[in-house]
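Novice: Got a predicted structure here, sequence first:
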Protein chains: 2
Amino acid sequence: MANYSTLSKQELASLQKELEEKYNSFKARNLSLNMARGKPGADQLDLSMELLNSVNDKTGYKAEDGTDCRNYGILDGIPECKKLFAEILGVDEKNVIIGGNSSLNLMFDYIAQCMTNGCGDTPWAKLDKIKFLCPAPGYDRHFGILDYFGIEMLTVPMLDNGPDLKVVDELIKDSSVKGMFCVPKYSNPEGKTYSDEVVEHLASMKPAAKDFRIIWDNAYCVHHINDNHDKLLNIFDVCEKYGTQDRIFEVVSTSKITFPGAGVSALAASDNNIQMIKKRMNMQTIGADKLNQLRHAKYLKDANGVDEYMKKHAEILAPKFKAVLDAFDKEFSDLGIAKWTKPNGGYFISLDVMDGCAKEVVRLCKEAGVALTPAGATFPYGKDPHDKNIRIAPSFPPVAELELAVELLCICVKLASVNKLLEA
Amino acid sequence: MANYSTLSKQELASLQKELEEKYNSFKARNLSLNMARGKPGADQLDLSMELLNSVNDKTGYKAEDGTDCRNYGILDGIPECKKLFAEILGVDEKNVIIGGNSSLNLMFDYIAQCMTNGCGDTPWAKLDKIKFLCPAPGYDRHFGILDYFGIEMLTVPMLDNGPDLKVVDELIKDSSVKGMFCVPKYSNPEGKTYSDEVVEHLASMKPAAKDFRIIWDNAYCVHHINDNHDKLLNIFDVCEKYGTQDRIFEVVSTSKITFPGAGVSALAASDNNIQMIKKRMNMQTIGADKLNQLRHAKYLKDANGVDEYMKKHAEILAPKFKAVLDAFDKEFSDLGIAKWTKPNGGYFISLDVMDGCAKEVVRLCKEAGVALTPAGATFPYGKDPHDKNIRIAPSFPPVAELELAVELLCICVKLASVNKLLEA
C-alpha cells in the first residue's frame, strides 16, 4: 500500500469505506480485551508460587541473623534482602532500604518528605513555587505524584538516548526546579535506555537548586525481553566522581519479578539521604513486612538467581511483544501514519500515530471493546501536545487475544488517519 | 513494712544498705532481660502459623470476588478483608480502607496529608503554628509523628476515665490546636478505657479549628486479658448524632492478633475523609499487599473468629500480667512509694514511682541487665514533668524471666525511693 499522504481524496474515501466495514464487523463481535496496563499475565505469576511456601515451616520464619521475621524489629530490611537488592543495583548494603509492596510508595513518600521536611535545605512546602522536569512520554503515576503535591511539571522531550539535555540544561538554571523523574532503563512507555553520555551529564550538571533530586525509577533494570540487553551506567558510580550522590533517589521492586500486588520494593540513596529517610521512617512505620522480604530473599537468592528467573518471564513476554511488532510492521510499513519503538526490555511499546489522532484511535478501540491506556496519559497533566502518543501494554492478554486486539488497533489507526486526511 | 515516709533517717539508711546488697547480688548474675517493648512472645506468634498456608495452592490466591490477589488492582482492600475490619470496628465497609503491616504508617500518612494537602481546609504546612493535644502518659510513637512534623504538643493529663476534659475544653479554644491523639481502649501505657461520657464529649465538643482531627488509635480494641471486658462506645455512632464524623480518623491492626511484623492494618473514616484519603492513596501506592489481606481474612474469618482467637492470646498473657501485679502487690503495698494500674486488656502496666525517681529506677534496672522503656517516653518530648512514670511491658519474656526481672525492678524502685528520701 502507498503512503497515505500520496493518496487522492477519492482513494482515501474508498479506503475509509473499506476500513469502516472492517471496523464495524469487529464491533459486532462484542470483544472485551485489554492492552491498557503493564500487568503481568497469570502465567508469569504462576512462576513464583513456590515463593509462598518458603517461610511456613517451624523455623522458616527466621532471618539469617536469627531475627524472628514474624515479630517487630528491623526498620530498613533484613540483611539477606538488603544484600539481594544491593547486588542488583550495584550499591553498598548500607545504602539500601527495603520498602513494602510498592516502589511508587517509596517515591511518593520521598517527595512528601521533601515537601514537609526538606532534603537538606528548606522544606519545599515552605517555598512559593516548586517545579520538576518530566521527560515525556513518561509514566503517568510519576506525574500524578507531582500533581498531587502541586508541583509544576515541565515537559522535557525524550530523544533516542534519553531526555533532551539542552532543554534540561536550560530549565535547571531556575532554582525553583527541584528535580526530575527518570525511568532510565527500558523507559515507560518507549523502552529506551539512557546512554552513558546522558547518565554522565545528569550526574555532573549543576542545577541552580542545591537540593535538586533525580528520582531514578529503575523499575525495569533486569526486565529484558530478548538477548540484546541494554546497558545502563550505575549512576551512583558516576555521581561519586562528581560528589553528587545526594542528588539520586533510586527505586526498584519485584513487582514484575514475582508478584505485582505482593512484592518487595527497595530504595538506594547516599549516606546523607539514607540518614534523613531513616529518621522519617522511624516515625512512620515499624518497617516493611519481614516475612515477605524473607520469602523473596530465599526464593530469588541473588542477582544471578534473578537473571535466570527473568529469562522465564522473557520467554512468556517475547511472543507478546512480537505479536504487536509483527502486526505493526505488516500493517503500517510505508503508510507514513505510524512510528513505534522496538524495545529490548520493559513492559511497553510506544506508538506514535499522526498528529491529532491518538485520542480518536483510543476512542475507536474502546468502542469496539479494546481498552488502551488513555491518550495523553504519557504526558504531564494528561496533555500530549501533539495528541499522537499511545502506550501499548502487551503483557497481560494471552497471545491469541493480543493478536485480535492489535488487528483492531491497526484498523483504528488507519481509519483515524484517513478521517484526518479527509478533513484536511 | 511501714510506709517509707514514716521511717527515720537511721531506718532508711539501714534499709538502703540491705537493698544495695540485694541489688548488687542481682547485678553479679549478669542478667539480660527485657520489659521494654509491647512485643508478643514467640508462643503467641506460633498461634498464627497456619495463616501462612492459606493462599498457597493453585487457586488459593483468589479473593471471593475472583480477584487474583497476586496481581495489580484494588486500592482500598479486598472485599472480605474490608468486611472483617468493618465488623470489628462496627462501621460500614465503604468507610474502611485496608493498609499495610503498620497502623502507625496510616496515622503518619494522614498527618502528612493534613500537612501538605489539608483535610478540607488550608494545608497545615501553610500555617504558622500547629498544635496537638496529647493525653499523657501516652504512646511515644504518636508523639514522634507530631515532633517529626514540627507540631507543638500540649500535654493533657489522663484521669481514670480518659483525658481531662476541662483541660481539653480550654485548649481547643485555640484555632491552632488541630487535633488530638487517643488510645481509647486499654490505653498505652495505662490500660484505661475512655468512659461513655468522655467519648460523648469528644464527639460533641466544638473546637475552634474546623478541621480538628481525633486520631483514634484503637490498637487494643479486642485485646482483653481477662473476662472483665472494658466497653468502649463506637465513636462514629456518637459523632453521627452531632454530625461530627469528619473529626475521627480511626486505625486498628492485626499486629497483636497475628504477626506484629507481617500483619494487616485498617483505617475507618467518614465518607468525606475516605474520599480525600483515596485521592492521595491513588497517587501514593498500588494498594496494600492483597495476598496478606487474603491470608488474614481466610484465617480470622469474622469478628467472632477474632474474639475466639484473642482468648488464646489472653491465656498466654494473663499469667505474665499476674506475675508483675502479684509482685507489685506483695512488694509495694503500704510502702507509699508506688502506684500502678491493673488493666483488663492491652499490653502494658503503668507504674508511677515517687516523683523524681523514674529515670533512676530505669537506670538501676539497666545496669543490672533489665531493659525498661526509657523514663519520660510516655510524655511529649520525652519529658515526664514529675519523672515518675514507667511503662512495664510484660508480654515478651517467658514468665520465669519476667518474675526475675520484676523482682529486680521492685528492688530498684525501693532503692531509688530510699535514696531520694535520704537526700531530702
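Specialist: Received, thanks. Since we're looking at a predicted model, the values are computed, not measured.

Novice: Write out the residues of the stretch 1-150 of chain A neighbouring chain B.
Specialist: Counting by Cβ under 8 Å from any Cβ of the partner chain, the stretch 1-150 of chain A comes close to chain B at A:37, A:39-40, A:42, A:45, A:48-49, A:52-53, A:55-56, A:58, A:68-74, A:100-102, A:104-105, A:108-109, A:112, A:115-117, A:123, A:125-126, A:141, A:144-145, A:147-149. All C-beta spots, glycine's among them, are computed from the backbone N, C-alpha and C.

Novice: again, only using 6 Å
Specialist: Taking Cβ under 6 Å from any Cβ of the partner chain as the contact definition, the stretch 1-150 of chain A meets chain B at A:39, A:45, A:52-53, A:56, A:70-72, A:100-102, A:104-105, A:108, A:112, A:115-116, A:125, A:144-145, A:148.

Novice: And the strands in the stretch 301-424 of chain A, which stretches?
Specialist: A:338-340, A:349-353, A:370-372, A:389-392 (DSSP state E, counting those that start in this stretch).

Novice: would JSON lines of those with mean neighbour count, distance to residue B:317 and mean pLDDT be doable?
Specialist: Below are these laid out as JSON lines (neighbours: other Cβ atoms under 10 Å in any protein chain shown; distance: least, Cβ to Cβ, whole Å; pLDDT from 0 to 100):
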{"stretch": "strand A:338-340", "mean neighbour count": "18", "distance to residue B:317": "63", "mean pLDDT": "97"}
{"stretch": "strand A:349-353", "mean neighbour count": "23", "distance to residue B:317": "57", "mean pLDDT": "98"}
{"stretch": "strand A:370-372", "mean neighbour count": "22", "distance to residue B:317": "52", "mean pLDDT": "96"}
{"stretch": "strand A:389-392", "mean neighbour count": "26", "distance to residue B:317": "54", "mean pLDDT": "98"}
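
Novice: and of these, who's closest to chain B?
Specialist: strand A:370-372 (13.8 Å; Cβ to the nearest Cβ).

Novice: So what are the sheet partners of that closest one and their directions?
Specialist: Partners of strand A:370-372 in the sheet, by DSSP bridges, are strand A:33-35 (parallel).

Novice: Not counting the strand it pairs with itself, show me its contacts.
Specialist: Contacts of strand A:33-35 with the rest of the structure, by Cβ atoms under 6 Å, 6 or more residues apart in numbering or on different chains, involve A:370, A:371, A:372, A:392, A:393, A:397, A:401, A:405.

Novice: do stretch A:276-286 as well
Specialist: For stretch A:276-286, contacts defined as Cβ under 6 Å, 6+ apart pick out A:72, A:75, A:113, B:102, B:104, B:105, B:108, B:144, B:145, B:148.

Novice: Kindly confirm my reading that the third one is in a helix.
Specialist: Yes. Under DSSP: H, G, I helix; E, B strand; the rest coil, residue A:113 falls within a helix.

Novice: where do the helices sit along the stretch 251-400 of chain A?
Specialist: A:271-284, A:290-300, A:303-332, A:358-367, A:399-423 (DSSP state H, counting those that start in this stretch).

Novice: ok now the first one, how far from the chain's centre?
Specialist: By that I understand helix A:271-284. How far helix A:271-284 lies from its chain's middle: 25 Å, per Cα atoms, centre = their mean, to the nearest Å.

Novice: One more: the longest one?
Specialist: On the basis of Cα atoms, centre = their mean, helix A:303-332 sits 16 Å off its chain's mean C-alpha point.

Novice: re earlier: any chance of the contacts of strand A:33-35 in a markdown table, plus distance to residue B:311?
Specialist: Output for the contacts of strand A:33-35, formatted as a markdown table (distance: Cβ to Cβ, whole Å):
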| residue | distance to residue B:311 |
| --- | --- |
| A:370 | 54 |
| A:371 | 49 |
| A:372 | 53 |
| A:392 | 55 |
| A:393 | 49 |
| A:397 | 49 |
| A:401 | 51 |
| A:405 | 54 |
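
Novice: Tell me the one of the residues you listed nearest residue B:382?
Specialist: residue A:393 (50.8 Å; Cβ to Cβ).

Novice: Phi, psi for that closest one please.
Specialist: phi -110, psi 100 (degrees, to the nearest 10).

Novice: these two touch, right, it and residue A:39?
Specialist: No. In this structure residue A:393 lies outside contact range of residue A:39 using Cβ atoms under 6 Å: 7.2 Å.

Novice: Could you report the neighbour count for the closest residue to residue A:101 other than its chain neighbours?
Specialist: Leaving aside its chain neighbours, residue A:101 sits nearest to residue B:289 (4.7 Å; criterion: Cβ to Cβ, 6 or more residues apart in numbering or on different chains). Neighbourhood size, residue B:289 [other Cβ atoms under 10 Å in any protein chain shown]: 27.

Novice: still on that earlier bit, next step: the contacts of stretch A:276-286 restricted to helices.
Specialist: Using DSSP state H, A:113, B:104, B:105, B:108, B:144, B:145, B:148 are the members of those that sit in helices.

Novice: what's near enough to touch the last one?
Specialist: For residue B:148, the set of contacting residues under the criterion of Cβ under 6 Å, 6+ apart consists of residue A:283.

Novice: The same query, at a cut-off of 8 Å, please.
Specialist: Residues in contact with residue B:148 (Cβ atoms under 8 Å, 6 or more residues apart in numbering or on different chains) are A:117, A:279, A:280, A:283, A:284, B:108.

Novice: Relative to residue B:359, how far out is the second one?
Specialist: I take that to be residue A:279. As for residue A:279, its distance to residue B:359 is 25 Å (criterion: Cβ to Cβ, to the nearest Å).

Novice: for stretch A:12-19, which positions count as buried?
Specialist: A:12, A:15, A:16, A:19 (16 or more other Cβ atoms under 10 Å in any protein chain shown).

Novice: whoops, stretch A:322-333 was the one
Specialist: Buried, per 16+ other Cβ under 10 Å, within stretch A:322-333: A:323, A:324, A:325, A:327, A:328, A:331, A:332.

Novice: Grab the longest strand from chain A for me.
Specialist: strand A:152-159 (DSSP state E).
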